[in-house]
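Trainee: for reference, the sequence and a predicted model appear below.
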Amino acid sequence: MALDGPGFDRAYRAYAARLRAVAYAVLHDRDEAEDAVHGALVRVWSAGSYRPERGALLPFLIACVRREALDALRTSKRRHLREVRASAGDPAAFDDTAAIDPVEAVRVQRALGALVPEQRDVIVRAYYGHRTLAEVAQDAGVPLGTVKSRLSAALRRLHTALSEGPP
(Lines give C-alpha, C1' and ligand atoms only; values in the text may rest on other atoms or scores of the structure.)
Protein backbone atom coordinates (compact mmCIF):
# COMPACT_ATOMS: atom_id res chain seq x y z
CA MET A 1 0.00 0.00 0.00
CA ALA A 2 1.61 3.25 -1.12
CA LEU A 3 1.45 6.22 1.18
CA ASP A 4 -0.31 8.51 -1.25
CA GLY A 5 -3.14 10.70 0.08
CA PRO A 6 -5.98 8.12 -0.01
CA GLY A 7 -3.66 5.26 0.97
CA PHE A 8 -2.40 7.24 3.92
CA ASP A 9 -5.95 8.01 5.05
CA ARG A 10 -6.92 4.32 4.83
CA ALA A 11 -3.80 3.31 6.74
CA TYR A 12 -4.48 5.88 9.42
CA ARG A 13 -8.07 4.78 9.88
CA ALA A 14 -7.06 1.13 9.96
CA TYR A 15 -4.08 1.42 12.34
CA ALA A 16 -4.42 4.60 14.41
CA ALA A 17 -5.83 2.85 17.50
CA ARG A 18 -3.02 0.29 17.55
CA LEU A 19 -0.40 2.96 16.97
CA ARG A 20 -1.77 5.10 19.82
CA ALA A 21 -1.61 2.05 22.09
CA VAL A 22 2.05 1.53 21.18
CA ALA A 23 2.88 5.19 21.87
CA TYR A 24 0.86 5.19 25.10
CA ALA A 25 2.74 2.11 26.35
CA VAL A 26 5.96 4.12 26.07
CA LEU A 27 4.78 7.57 27.16
CA HIS A 28 1.90 6.87 29.60
CA ASP A 29 0.21 10.09 28.47
CA ARG A 30 -2.66 10.20 26.02
CA ASP A 31 -1.87 13.61 24.52
CA GLU A 32 1.81 12.82 24.11
CA ALA A 33 0.89 9.49 22.51
CA GLU A 34 -1.35 11.28 20.01
CA ASP A 35 1.51 13.68 19.22
CA ALA A 36 3.93 10.80 18.71
CA VAL A 37 1.56 9.01 16.32
CA HIS A 38 0.93 12.18 14.39
CA GLY A 39 4.62 13.06 14.20
CA ALA A 40 5.63 9.60 13.06
CA LEU A 41 2.92 9.34 10.43
CA VAL A 42 3.63 12.78 9.02
CA ARG A 43 7.34 11.96 8.88
CA VAL A 44 6.71 8.62 7.12
CA TRP A 45 4.23 10.16 4.71
CA SER A 46 6.31 13.22 3.82
CA ALA A 47 9.54 11.22 3.41
CA GLY A 48 7.87 8.38 1.52
CA SER A 49 10.05 5.99 3.50
CA TYR A 50 7.71 2.97 3.41
CA ARG A 51 8.65 0.31 0.87
CA PRO A 52 6.03 -2.48 0.45
CA GLU A 53 8.66 -4.90 -0.84
CA ARG A 54 10.42 -4.72 2.55
CA GLY A 55 7.43 -5.85 4.61
CA ALA A 56 3.93 -5.12 5.81
CA LEU A 57 2.85 -1.57 6.63
CA LEU A 58 1.66 -2.11 10.21
CA PRO A 59 4.97 -3.40 11.66
CA PHE A 60 6.79 -0.58 9.86
CA LEU A 61 4.44 2.04 11.32
CA ILE A 62 4.67 0.48 14.79
CA ALA A 63 8.47 0.75 14.66
CA CYS A 64 8.26 4.38 13.51
CA VAL A 65 5.74 5.33 16.22
CA ARG A 66 7.73 3.54 18.92
CA ARG A 67 10.89 5.39 17.85
CA GLU A 68 9.01 8.71 17.86
CA ALA A 69 7.61 7.99 21.34
CA LEU A 70 11.03 7.04 22.71
CA ASP A 71 12.52 10.25 21.27
CA ALA A 72 9.76 12.26 22.95
CA LEU A 73 10.39 10.45 26.25
CA ARG A 74 14.13 11.13 26.11
CA THR A 75 13.52 14.79 25.31
CA SER A 76 11.11 15.09 28.21
CA LYS A 77 13.56 13.45 30.62
CA ARG A 78 16.42 15.74 29.54
CA ARG A 79 14.23 18.81 30.01
CA HIS A 80 13.14 17.61 33.45
CA LEU A 81 16.74 16.94 34.54
CA ARG A 82 17.82 20.45 33.44
CA GLU A 83 14.96 21.96 35.44
CA VAL A 84 15.79 19.88 38.53
CA ARG A 85 19.48 20.81 38.39
CA ALA A 86 18.66 24.48 37.96
CA SER A 87 16.17 24.51 40.83
CA ALA A 88 18.59 22.64 43.09
CA GLY A 89 20.96 25.59 42.98
CA ASP A 90 23.71 23.72 41.13
CA PRO A 91 25.84 26.39 39.46
CA ALA A 92 27.15 23.76 37.06
CA ALA A 93 23.60 23.19 35.82
CA PHE A 94 23.86 25.83 33.15
CA ASP A 95 25.09 24.79 29.75
CA ASP A 96 28.74 25.71 29.22
CA THR A 97 28.37 25.01 25.52
CA ALA A 98 25.96 27.91 25.23
CA ALA A 99 28.72 30.36 26.19
CA ILE A 100 30.45 32.23 23.42
CA ASP A 101 33.82 31.62 24.99
CA PRO A 102 34.53 28.56 27.16
CA VAL A 103 37.13 30.53 29.10
CA GLU A 104 34.42 33.04 30.03
CA ALA A 105 32.16 30.19 31.11
CA VAL A 106 34.86 28.97 33.50
CA ARG A 107 35.32 32.52 34.84
CA VAL A 108 31.57 32.83 35.44
CA GLN A 109 31.50 29.47 37.22
CA ARG A 110 34.38 30.53 39.46
CA ALA A 111 32.72 33.85 40.22
CA LEU A 112 29.46 32.06 41.05
CA GLY A 113 31.37 29.66 43.28
CA ALA A 114 32.81 32.59 45.24
CA LEU A 115 29.36 33.92 46.14
CA VAL A 116 27.76 33.09 49.45
CA PRO A 117 25.29 30.22 48.99
CA GLU A 118 22.18 32.39 49.39
CA GLN A 119 23.32 34.80 46.67
CA ARG A 120 24.42 31.99 44.35
CA ASP A 121 21.06 30.26 44.82
CA VAL A 122 19.16 33.39 43.75
CA ILE A 123 21.33 33.86 40.64
CA VAL A 124 21.08 30.22 39.59
CA ARG A 125 17.32 30.00 40.13
CA ALA A 126 16.56 33.32 38.45
CA TYR A 127 18.97 33.31 35.52
CA TYR A 128 19.70 29.66 34.80
CA GLY A 129 16.39 28.33 36.08
CA HIS A 130 14.44 31.00 34.16
CA ARG A 131 12.36 31.85 37.22
CA THR A 132 10.86 35.17 38.22
CA LEU A 133 12.03 36.76 41.46
CA ALA A 134 8.59 36.08 42.95
CA GLU A 135 8.97 32.39 42.07
CA VAL A 136 12.48 32.32 43.55
CA ALA A 137 11.14 33.89 46.77
CA GLN A 138 8.35 31.34 46.97
CA ASP A 139 10.70 28.40 46.23
CA ALA A 140 13.26 29.59 48.78
CA GLY A 141 10.63 30.49 51.38
CA VAL A 142 11.93 34.02 51.88
CA PRO A 143 10.34 37.45 51.30
CA LEU A 144 10.59 38.99 47.84
CA GLY A 145 12.57 41.93 49.25
CA THR A 146 15.20 39.52 50.59
CA VAL A 147 15.53 37.89 47.18
CA LYS A 148 15.94 41.30 45.54
CA SER A 149 18.62 42.30 48.06
CA ARG A 150 20.51 39.05 47.57
CA LEU A 151 20.29 39.41 43.79
CA SER A 152 21.55 42.97 43.89
CA ALA A 153 24.49 42.05 46.12
CA ALA A 154 25.29 39.00 43.99
CA LEU A 155 25.25 41.01 40.77
CA ARG A 156 27.58 43.62 42.29
CA ARG A 157 30.02 40.91 43.40
CA LEU A 158 29.85 39.17 40.01
CA HIS A 159 30.44 42.49 38.23
CA THR A 160 33.49 43.17 40.37
CA ALA A 161 34.88 39.65 39.92
CA LEU A 162 34.32 39.58 36.17
CA SER A 163 35.53 43.16 35.55
CA GLU A 164 38.99 42.37 36.87
CA GLY A 165 39.84 40.48 33.68
CA PRO A 166 41.13 36.94 33.24
CA PRO A 167 42.65 35.30 36.32
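Mentor: Sure, I can see it.
Trainee: which residue lies farthest from the center of the protein?
Mentor: Distance from the C-alpha centroid of the chain peaks at E53, with 38.2 Å (CA atoms, centre = their mean).
Trainee: and the gap between it and A40?
Mentor: To A40, E53 is 21 Å away according to CB to CB, to the nearest Å. All C-beta atoms are positioned from the backbone trio N, CA, C, and that covers glycine.
Trainee: ok, now S49?
Mentor: In this view, S49 and A40 are 11 Å apart by CB to CB.
Trainee: so which of the two has more stuff around it?
Mentor: Neighbour totals were compared for S49 and A40, and A40 leads with 24 against 12 (other CB atoms under 10 Å).
Trainee: show me what contacts the more buried one?
Mentor: By CB atoms under 8 Å, 6 or more residues apart in numbering, the residues touching A40 are 19, 61, 64-65, 67-68.
Trainee: how about 10 Å then?
Mentor: Neighbour list for A40: 19, 22-23, 61-69, 71-72 [criterion: CB atoms under 10 Å, 6 or more residues apart in numbering].
Trainee: now it: which helix or strand?
Mentor: Element membership for A40 (DSSP states H and E) is helix 30-47.
Trainee: list the buried ones in that helix?
Mentor: The neighbour-count check on helix 30-47 (16 or more other CB atoms under 10 Å) flags 32-41, 44-45 as buried.
Trainee: just the closest of those residues to V136, please.
Mentor: E32 (29.4 Å; CB to CB).
Trainee: now do that closest one against E135, distance only.
Mentor: Taking CB to CB as the measure, E32 and E135 are separated by 25 Å.
Trainee: what's the answer for A56, then?
Mentor: Going from A56 to E135 by CB to CB gives 51 Å.
Trainee: so for those two, which sits in the more crowded spot?
Mentor: Between A56 and E135, E135 has the larger neighbour count (other CB under 10 Å), namely 15 against 11.
Trainee: let me know the helix or strand that that one is in.
Mentor: In this assignment (DSSP H and E), E135 forms part of helix 133-140.
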